[in-house]
Structures are given as C-alpha cells and as structure tokens.
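> Sequence first, predicted model second:
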Amino acid sequence: PATLKSSESATAHMSRRLARSLEEKLNDQALSCEVYESILEAEGDQLDLLREVDRLNQSLANWESLVQTRERILSLLTQQEEQIEVLFSIAQVYAEVIQNSDEAIHTYQRVIELEPSNQKANHELELLLIQTLQFNTLAEHLRSQLEFLEGEAYQNVGFQLSEVLHQKLNDASQALEILV
C-alpha cells in the first residue's frame, strides 16, 4: 500500500509537470488544461489545480468551462468574501461575455443571499431586471431590500419600488401604499 501511494504521488507530480511543460514550452494551453482536468478527475478537486484550469479557460475563451470551473472553486471556498468575489466573476461572465441575463440574475441573487446589503450586487441585479423587463421580480427584490434598510436608503428604495409598481406594473394603489 505504501508503494502504491508513492507511485500515485509520483504520477500526480509528473502529470503536473507535463501540464506546465505543455503550456510553457509547447504553448499548448488546451492540452495543458486537459491534463489538469485529468489530474482533478483522478485526485478530486483541489483549489490550486482548479485555479490553473480557470486561468487556462479564461485565456482560451472557454467561457462555459470557465463558469463550471469557478463553480467548482466556489464549492471549496469557506470565506464569504472569497465566495462573493467568485460569484461576481461568474455573474460578469454570464452578463458580459455569454450574454445570459437569466444566469447572471440568478448569480447576483446568490450574492445577495450571502450578503443582502451588498450594494454592487443589488445594483447590478436591478439593472439586469430592468434591461430584461422583469418588473415583477424587480418589485419583489426591492420589497426584500426594504426589510433591512432604514433612513434615507429605505426612502430611496421605497420610492424606486413605488415607481416600478405605478409605471411598470400599473398598480397605483400599491405604489401609493409604499409612499405613505
């Protein structure tokens, strides 16, 4: 058993060297990425290897694979700040590169689940909901924001909600109720 473990370790080490060499000496990022993925398949997800795959996917413009890799990275992170950073990067790829607004919206909602007061996530979510004409969802989101806001921030979001209710959802009575 000890010899087998030593052999597996040596194989993993050689595979990592092969992946680095493929990229650095042969400039074959795609094959390097495949080698890293095969190591991950054999050994399980490891943050350092996933970050290499992430970097290569970004360089190769493999956007769907990049998102999948970042989701795998996210599953290994324990610090909320790091999780939010990765979620923002996923949302940005969905919104700006893949142009999948629904997935970007869902990802910003995941940030807000972790940190409801995250201004950037709330702002980006609101912009996407307006761009995609999802006014009912926008109204629900703004209502949920009112639960933890106070003072001027509460008033601003309340006013924004009343505008959405009145102008986009044709619900003047609900809009007036929010303002009063």
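Cool, got the structure.
> burial of residue 29, as a residue count?
Burial of residue 29 is recorded as 17 neighbouring residues (other CB atoms under 10 Å). The C-beta positions use only the backbone N, C-alpha and C, and glycine is treated the same way.
> before we move on, what about the one 4 residues further on?
Other residues lying near residue 33 total 24 when counted by other CB under 10 Å.
> Would you quantify the distance from it to residue 65?
Between residue 33 and residue 65 the distance, using CB to CB, to the nearest Å, works out to 8 Å.
> Quickly list what's touching both of those two.
Residues touching both residue 33 and residue 65 by CB atoms under 8 Å, 6 or more residues apart in numbering: 53, 57.
> For stretch 28-40, buried residues please.
Residues of stretch 28-40 classed as buried: 29, 32, 33, 35, 36, 37, 39, 40 (neighbour count, 16 or more other CB atoms under 10 Å).
> Contacts only, for the residue lying closest to residue 38 once chain neighbours are set aside.
Of all residues beyond its chain neighbours, the one nearest residue 38 is residue 15 (7.1 Å), with distances taken as CB to CB, 6 or more residues apart in numbering. Contacts were defined as CB under 8 Å, 6+ apart; by that measure residue 15 touches 35, 38, 39.
> now swap in residue 46 and tell me
Under the criterion of CB under 8 Å, 6+ apart, the contact partners of residue 46 comprise residue 40.
> Helix or strand: which one has residue 117?
For residue 117, there is no enclosing helix or strand under DSSP states H and E.
> Count the neighbours of it for me.
Residues contacting residue 117 under the criterion other CB under 10 Å number 11.
> pretty sure it is touching residue 148, no?
Yes. Shown here, residue 117 and residue 148 form a contact pair, counting by CB atoms under 8 Å, at 6.4 Å.
> For residue 62, see how far away residue 71 is.
Relative to residue 62, and taking CB to CB, residue 71 is found at 14 Å.
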